[in-house]
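**Q** what's the 3D shape of this:
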Amino acid sequence: MSKGLSTTKQSVKDQIVTGLFKELESRPLSEIPVASLIKTAGVARASYYRNFSSKEEILNYYLDQLLGKNQAPSMPTIWTREEAAAKIADIFGVLEKEKSRFILLFQSGLASYAFDYFGSFSDRNGIDSPFPWTDEYKLPFYSGALTSVLYHWLQTGAKQPADELAKHFVSLLPDSFFIDQK
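**A** Residues are numbered from 1 along each chain as shown. Okay, the predicted model is just below:
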């Protein structure tokens, strides 16, 4: 695929994402008809179906783009408190720029979607067990706490810098989450 075609496809996808969030401002996801979405997005029906098979897929695409799925893979996190705080600060910083959309996900009744997204991020992105945990409950605990803290921070005005909040978040996690604390 030529670069021009790739850029055009990216632009269409971004239009559809923007259209979906515009629609979410006035109605729940389940009540957004595709016809209304494509009209709001300003794309053809064929363009919608060429790029996405569902509205949920649009949300996955949006979050994957934000969190860098399509960028060059980074080195896996070594689960020290310092490295975890740096990675979390990156996530907080990215989502701070998308504050209104992330809050809208929650206000639109899609909080469980956000929790599920963070809980399945590694599996969906082909990352082999980046967590040093064998306890099956640590990942849901971690992803749930991360999502809740992120939402609260954004909803209350993101008063702390992202890196400061990330360090605080990591300080609240038990030592057993980190390889340097055992």
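
**Q** Can you report phi and psi for the residue nearest to residue 109 when sequence neighbours are not counted?
**A** What sits nearest to residue 109 in space, not counting adjacent residues and going by C-beta to C-beta, 6 or more residues apart in numbering, is residue 28, at 5.7 Å. Backbone N, C-alpha and C define where each C-beta goes, glycine included. Here the main-chain torsion angles of residue 28 (degrees, to the nearest 10) amount to phi -70, psi 160.

**Q** Just give the number of residues close to residue 106.
**A** Close neighbours of residue 106, defined as other C-beta atoms under 10 Å, add up to 16.

**Q** elements contacting the host helix or strand of it?
**A** Assessed by DSSP states H and E, residue 106 sits inside helix 99-107. Identification of packing neighbours for helix 99-107 by 3 or more C-beta pairs under 8 Å, 6 or more residues apart in numbering; DSSP states H and E yields helix 3-24, helix 111-124, helix 138-155.

**Q** correct me, but residue 101 touches residue 21?
**A** Yes. Here residue 101 lies in contact with residue 21, judged by C-beta atoms under 8 Å, at a distance of 5.4 Å.

**Q** Which one of those two is surrounded by more residues?
**A** Neighbours per residue, other C-beta under 10 Å: of residue 101 and residue 21, the larger number sits with residue 21, 20 against 17.

**Q** And for residue 80, the neighbour number?
**A** A count of neighbours around residue 80, defined by other C-beta under 10 Å, yields 14.
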